[in-house]
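**Q** predicted coordinates and the sequence they were generated for:
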Amino acid sequence: MKAHEVNFDGLVGLTHHYAGLSFGNEASTKHRFQISNPKLAAKQGLQKMKALADAGFPQAVIPPQERPNVEVLRQLGFSGSDEQVVEKAGTQVPHLLSAASSASSMWVANAATVAPSADTLDGKVHLTVANLNNKFHRATEAVTTERVLRAIFNNAERFSVHEALPQVAMFGDEGAANHNRLGGHYGDPATQLFVYGRDESGHNAPVRYPARQTLAASQAVARLNQVNPGQVVFAQQNPNVIDQGVFHNDVIAVSNRQVLFCHEQAFAQQDKLLANLADRVPGFTPIQVPTHAVSVQDAVETYLFNSQLLSRDDGSMMLVLPQESENHQGVWRYLSELVKADNPISELKVFDLRESMANGGGPACLRLRVVLTQAEMQAVNPAVMMNDTLFNTLNNWVDRYYRDQLTQADLVDPQLLREGREALDALTTILQLGSVYPFQR
Ligand SMILES: N=C(N)NCCC[C@H](NC(=O)CCC(=O)O)C(=O)O
């Protein structure tokens, strides 16, 4: 069956700020307490969506979550009116208000793991929400993520949305950021490669930074998504690169159709994995970047692999990169040679995503890939599909509600809470989502 890849991008929320919440994500640590610009962040994301939609790549949008998350602050013992809860948390334990205010749901590559209908036993598209339990500020996303995905994929005949795995370390799950799909045309059955950082034995785990994804979680997601067991491969990420700041597999590898573009140090037992994939994937084309051309450190700093690899109808591919990759001489030299060499990647497209990048989120983090047949595409809530009208509406919405400067100290302002709710209320009307946010229920 013919199918297309639709990229669903996360829209940056009104409380986007830099709080150093993600130990193991070096950009997050480095930019802690710097001044952010939520308005610019949202516009940078919208620019990417619009440019890719204009270039003919189907594009949709996923809304931000309600922040600050008053419910979770109440769960932690702060009481009173919503404004008082925020004020008490902000003055007594500012880092908890930061965590409850993080706009981290923008990185929707971590929202869920998706299995296209061509790969599933019941012929439906499956989405399992990620529990993100390695980081407190991210673990609180799952409940609303599920509501939002149900409002977007709101047709039970075509789509099956699963709640997140149990919220314990044993089932740490970070969604599509640790998942690749390799095969021929999008509508053909393909091999799903689940990448984990640690297994139950703890053997060969990273020592400096946490491994967020477990093998047990990946196995559970494959089961929930009803992926044909013959099409599943589990592989361990190289623990040494996790210790160098590669906190998700999509910081060191990206796949599209038959191509796997990755660093030569991306996986544990990489040769064995590539041989296995070569047996399974017709025309398998690994492109491994050697350390002498690009070090792991340069890959982490420039997010060269956190790129989107997008297919054109003629089979050629475009690599969508962050500005940081172009600014780095060695990385750009490598990429300039890559597009001239004999492989499907024929064009580089660069975006300024600096506001998201400073928290460790590149082009690939900002999008969730969903392969859909024509009939499935028609079953998606049409109001989230990007086009000129939606782009203009969302830009005006951002202009109206977003601030152009935010620090941790600003989070305690009760006006921010009110602005956020007013804005999200308007957004649910624009995107026809119904009541997905706690303040609407
Ligand atoms: N690679 C992918 N797919 N996603 C990137 C997620 C970045 C996110 N950063 C943060 O959550 C930083 C928030 C802060 O420090 O304020 C994270 O570490 O989970």
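**A** It's in.

**Q** check contacts around residue 52.
**A** The contact partners of residue 52, taken as C-beta atoms under 8 Å, 6 or more residues apart in numbering, are 7, 59, 308, 310, 320. No exception for glycine: its C-beta is placed from N, CA and C like everyone else's.

**Q** and if we set it to 6 Å?
**A** residue 59 (C-beta atoms under 6 Å, 6 or more residues apart in numbering).

**Q** buried sites along the particular helix or strand that has it in it?
**A** Element membership for residue 52, per DSSP states H and E: helix 38-54. Within helix 38-54, the residues that qualify as buried are 38-46, 48-50, 52-53, counting by 16 or more other C-beta atoms under 10 Å.

**Q** want to throw those residues into TSV with pLDDT and distance to the ligand?
**A** Output for these, formatted as TSV (pLDDT from 0 to 100; distance: C-beta to the nearest ligand atom, whole Å):
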residue	pLDDT	distance to the ligand
38	98	12
39	98	17
40	98	16
41	98	12
42	98	16
43	98	19
44	98	15
45	98	13
46	98	18
48	98	15
49	98	17
50	98	21
52	98	17
53	98	21
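
**Q** where does the stretch 1-150 of the chain have low pLDDT?
**A** Of all residues in the stretch 1-150 of the chain, none has pLDDT under 70.

**Q** tell me which residue of the stretch 251-400 of the chain lies closest to the ligand.
**A** Nearest residue of the stretch 251-400 of the chain to the ligand, counting by C-beta to the nearest ligand atom: residue 365, 3.3 Å away.

**Q** can you confirm that residue is in a helix?
**A** No: checked against DSSP: H, G, I helix; E, B strand; the rest coil, residue 365 lies outside a helix; its state is coil.

**Q** okay, now the nearest residue to it once chain neighbours are set aside: neighbour count?
**A** Using C-beta to C-beta, 6 or more residues apart in numbering and skipping residues adjacent in sequence, the residue nearest residue 365 is residue 107, 4.2 Å away. The criterion is other C-beta atoms under 10 Å. On that basis, residue 107 has 28 neighbouring residues.

**Q** my guess is residue 107 contacts residue 361, does it?
**A** Yes: under the criterion of C-beta atoms under 6 Å, residue 107 makes contact with residue 361 at 4.7 Å.

**Q** list the contacts of the helix or strand where residue 180 lies.
**A** Using DSSP H and E, residue 180 sits within strand 179-182. Under the criterion C-beta under 6 Å, 6+ apart, residues 113, 190-194, 255, 281 lie in contact with strand 179-182.

**Q** stretch 3-16 too?
**A** Taking C-beta under 6 Å, 6+ apart as the rule, stretch 3-16 contacts 36, 38, 41-42, 45, 49, 58-64, 67, 101, 103, 106, 108, 186-187, 366-373, 402, 420, 423.

**Q** ok, and for it, which residues are buried?
**A** By neighbour count with 16+ other C-beta under 10 Å, stretch 3-16 contains the buried residues 3-16.

**Q** can you tell me the SS state at residue 195?
**A** Reduced to three states by three-state DSSP, residue 195 is strand.

**Q** enumerate every residue touching it.
**A** 178, 235, 237, 249.
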